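> quick one: sequence plus predicted model below, questions after.
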Amino acid sequence: MNNFDWVQPKTIAEAATAVKNGGVAMSGGIELLCLLKEHLIEPPSVVNLKSIPGMRSIDVAGSGLRIGALATTTDLAENSVVRNDFPGISQAAASIASPQIRNVGTVGGNLCQRPRCWYYRDPEVKCLKKGGQACYAVAGNNEYHAIMGGGPCHIVHPSDLGSAFLAYGATVVTNEREIPIQNFFVLPKDDIDHENSLRPAELVTGVTVPNDWKGARASFFKSKERESFDWALATALVLLKMNGSTVSDARVVLGGVAPIPWRSTEAENALKGKSIEDSVALAAGRAAVSRATPMSENRYKVPLTTNVVRIAVLQAAGLKAE
Amino acid sequence: MQDVRWNDPRTSRYLGKSVPRLDGPGKVTGAAKYTYDMVLPGMLHAKVLRCPHANARVASIDASAAQRMPGVHAVITDIAGAGRFAGQEIAAVAADTEEIARDAIRAIKVQWEVEPHVVSTRRGMRDERRVGRPREATRGQDPESLWSSAAAVIEEEYYCPVREHLSLETHGLVVQWQEPDRATVWLSTQAVHGSRGELAGALGIPQQNVEVICEVMGGGFGSKFGPGVEGRIAARLSKMTGRPVKLMLERYDEQVASGNAPDALMRVKAAMSADGRLIALDSKIWGTPGNGNNSGIPMPYIYNVPNFKTWQAGVSTNTGGARAWRAPDRPPASFLMESVVDELANKLGLDPMRVRQLNQNNQVRNRQLELGAQLIGWENRNKAPGSGTGRYRRGMGCALSEWGGGMGQPCNCDVKIGTDGSVYVGIGTQDLGTGTRTYVGTIVAEDFGLPLSRVKADIGRSSLPVAGGSGGSVTAASVAPAVKDASMKARARFLEVAAGLMNTSVADLEMRDAKVLSKSNPANSMTFDQVCAKLPPGGIQVSGTTLASLQQGGVAGAQFVEVEVDTWTGRIQPIKVVAVQDCGYVLNKLTAESQLIGGVIQGLCMALLEDRKMDEPTGRMLNPNMETYKVLGSLEVPEIVPVLYETHDKVAGIGEPAVIPTAAACVNAVYNATGVRLRTLPMTPKRWFEATETNQ
Ligand SMILES: Cc1cc2nc3c(=O)[nH]c(=O)nc-3n(C[C@H](O)[C@H](O)[C@H](O)COP(=O)(O)OP(=O)(O)OC[C@H]3O[C@@H](n4cnc5c(N)ncnc54)[C@H](O)[C@@H]3O)c2cc1C
Ligand code: SF4
């Protein structure tokens, strides 16, 4: 990594100024360290947001939850209010990486992390996202890439918290504005350089989660190549509101399959008004991938995602997924 | 001297029992000093510039900016004039800190003339210039004439990818050049003696003037026999600067350039008779050793096939070179043959375990199969493979192995008893993590009736008596018999002195609890220390050599695996592994079992996760890290039942063989559970869905 100045702002305004001057924000620093070590970024200064007080708490307000950008993944996974009222968020948080990483990684850093695409991470490869001419995943190995929403870059967004916040209709709060989460993540066709709509020097200060889906039945299911820490091959977060035994409303958000956390209204529609049984869950899974356009090496993600949705639906309904 | 035999494990204190490793506490507390931990006064840090292209010539190289950087002490730019794989060493620097060295490497400007590359076996095999001279063998009739008369025939393609060694301690060393002509080298190595030559060559000094030290190491698995390119670089830099130089590979370096196991693309046709006997086999195997040596997969491995035609060839590609990998070439051989036998047996509706017994002659293995079957509960397997319903399906599979594991290079060993009661055993071997140091100590402690804590076991330095490299599972079978020889010679001398002091005969004496006792008159005894005090000045010093009569190679093994397949997500979870391993005389039950467990875990990694991924368009490795080059984590490791199957009273090597059959047994278990045959490793969810699209 390059030599850089170490900036310890006391306020978010100071931090924003430092970032405006070319600095890069650091929260947990886990991802930042990867980017620096591979020379993917070479900033003149690193701005330590952890020196700003009061950004780590998780508070319950009348209108919902308010989560500080510096709350760690573990904070989120273990918070009892989150667990009871917004279990999809705590389940997603608990699925992330390893205990060590969860203890250090933050909410803000998780939402702003960069893609894991192996071409992006290879300092010797200059792909489209890094200002080059081509997306190497197209002709190369795309087994971990997107099956929906891809093009011209085909990354999958790595944030599991992003899926959870999207499902619960959260809002990302920054030093400048409030961004409804569905406007936070952006597709490569709209912005190849960034995965979110933050402006330069705009910093995430927190996330608010409304009570709309508070207490809904929830299940987050993540398929991985190994159970011990691993990134997702595909995830589904399913929220169900029930009217007796029928689904009155549903949210289905997919992860690991698109450049952004991917809400599937097709799957939601397949669930609304139904009482959950395996055939319904499977139908929702099929609906979720009905518009999938897999690449050369990731066809497997289509049947896999179908089943990932199926499992999350069954689990959310309190049924055995077997 | 009378016939030396191994101590009876029924009455022994240490040998054959479970003895914790001598270096265990140091490793756990951090007191143990690995090469990585070495810090010497004035030490410089070296880094290597690697070719970023899969195939490129160096048109020009300009290191002047690096040379001028404050803190840079030496730069070498003549390591190679071209990079024939992405990762080949081109230039190196030595600097005050690792950070400066890294910056200096980045400051070296190279003009590349990029040439076309091929990084996959599948592409390389289409170009005959890249295909090496085939090895062919035939036996009996031409298989072609036999297919029509067989009860079952299969014709399939199997693939086992390139796997890495993934040592947790990367390759590396610290070289301390001492004017005018000596060097001390701390090297993470499987061969302290064997590494001297290459280092001496790089330094231009006699081999005797190089001391190689490796007290503890973090894994080698066959990839750390010599100091390698990085070793020669560090040696040169130390000599150039006159300062100690440390060069430990970074994880990226380790994964692109420090060795791997070749892949194997196997096209096979095979036939079986209705009663389950293999009739004929026709196999063709391609594999890439990168820019390294050709592979040689033994075919048809352990099976009796009366009629066969085998063909195999190495395919040279622009990838990092192969090196020996725990039981070289056997794991793919086992994967192939055990899949073939299993497919044919299942096609005929026969018990795959019985079919194995029919098709191989080794009686030890046939008994091991019976024992393993009992321990896993073979009768509970899925009798009709794939017949289950529901999301989770369980099944069982088995596979066999064969390995050498006898004596390698004969060793020398010193044992010294001081007049102060100190006991020393020294041998220039190395402990790869297998427990070598511990049995070097226990053999002597056992013979002298002393607690292990009283024996100083000294290994891991090339100034100690010569011992060979630790490869081919030969270490225990070569080292232990030399230690035993020296120990028994010292014991004989010691008892002669004691017999004189105690007015009795040597035959009347025994040693236990740090005492020498007369068997006929229990009142007549001396402490060990009392006898030592009366030894001639200088005490006892003897040397031993490997006694071939104390070892025997040729070990058989059988493994059974039970798996659970999540058919909805394609994730395969091993539930239980029974590993029955022919062991000979067991020196230390704990570390022997740990070798079996370690082998099984590595075999499961091969079955489920390990896969070096090369990218044809860029020519680069896609997963040169432990994030995307995956191995098992603690949550995936199943119950493992290691069974030490002692067939004789001689020491045999078992460091490698347990890794051989695990993946094959796992593949067969998945078939038994689901009726789906996975022919490409590793068995990831991707492979599961690809196979179920075509295979069910
Ligand atoms: C091996 C490994 C496995 C992982 N597995 C998973 C997983 O399965 N699922 C998952 O969701 N995540 C996973 N992660 C990501 C991890 O959980 C962290 O979220 C991530 O590393 C970033 O968190 P951080 O707080 O350390 O961010 P940092 O490293 O501090 O920052 C990351 C990026 O965000 C920017 N940034 C940080 N904070 C802010 C802010 N407040 N406003 C604006 N920009 C900001 C930084 O400039 C930087 O570019 C994994 C990470 C690793 C290393
Ligand atoms: S998917 Fe995106 S990040 Fe990856 S190679 Fe293509 S453009 Fe680059």
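Happy to help now that I have it. Ligands and ions are numbered 1, 2, ... in the order given.

> beta partners of residue B:428?
Under the criterion DSSP bridges, residue B:428 forms beta bridges with residue B:466.

> that one is in contact with residue B:461, isn't it?
Yes. Counting by Cβ atoms under 8 Å, residue B:461 is a contact partner of residue B:428 at 6.3 Å. (C-beta placed from N, C-alpha, C; glycine too.)

> what sits in contact with each of the two?
residue B:192 (Cβ atoms under 8 Å, 6 or more residues apart in numbering or on different chains).

> more crowded one of the two?
A count of neighbours by other Cβ atoms under 10 Å in any protein chain shown puts residue B:428 above the other of residue B:428 and residue B:461, at 24 against 19.

> from ligand 2, how far out is that one?
Here the criterion is Cβ to the nearest ligand atom, to the nearest Å. By it, residue B:428 lies 50 Å from ligand 2.

> and the longest helix belonging to chain A, what does it pack onto?
Counting by DSSP state H, the longest helix found in chain A is helix A:301-316. Helix A:301-316 is packed against strand A:217-223, strand A:234-243, strand A:246-255, helix A:278-288, helix B:685-695, with contacts defined by 3 or more Cβ pairs under 8 Å, 6 or more residues apart in numbering or on different chains; DSSP states H and E.

> among the ones you listed, which is nearest residue B:228?
Of all these, helix B:685-695 sits nearest to residue B:228, with 33.5 Å by Cβ to Cβ.

> what about that closest one, distance to the chain center?
Between the centre of helix B:685-695 and the centre of its chain there are 32 Å (Cα atoms, centre = their mean, to the nearest Å).

> ok, stretch B:682-693 next?
29 Å.

> which parts of that stretch are buried?
Judged by neighbour count (16 or more other Cβ atoms under 10 Å in any protein chain shown), stretch B:682-693 contains these buried residues: B:682, B:683, B:684, B:685, B:686, B:687, B:688, B:689, B:690, B:691, B:692.

> quick one: average pLDDT of that stretch?
For stretch B:682-693, the mean pLDDT works out to 96.

> and for stretch B:246-265?
97.

> neighbours of the closest residue to ligand 1 within chain B, how many?
Relative to ligand 1, the nearest point of chain B is residue B:627 (5.3 Å; Cβ to the nearest ligand atom). A count of nearby residues for residue B:627, using other Cβ under 10 Å, gives 15.

> give me every residue that touches it.
Residues in contact with residue B:627 (Cβ under 8 Å, 6+ apart) are A:116, A:231.

> from what I can see residue B:585 touches residue B:6, true?
Yes. Proximity of residue B:585 to residue B:6 meets the contact threshold set by Cβ under 8 Å, at 4.9 Å.

> can you work out which residues contact both of these two?
B:15, B:649, B:650, B:651.

> separate out the buried members of those residues.
B:15, B:650, B:651.

> ok, the closest residue to residue B:362 other than its chain neighbours - contacts?
Using Cβ to Cβ, 6 or more residues apart in numbering or on different chains and skipping the chain neighbours, the partner closest in space to residue B:362 is residue B:556 (5.2 Å). Contacts for residue B:556 (Cβ under 8 Å, 6+ apart) come out as B:362, B:364, B:365, B:368, B:400, B:401, B:402, B:582.
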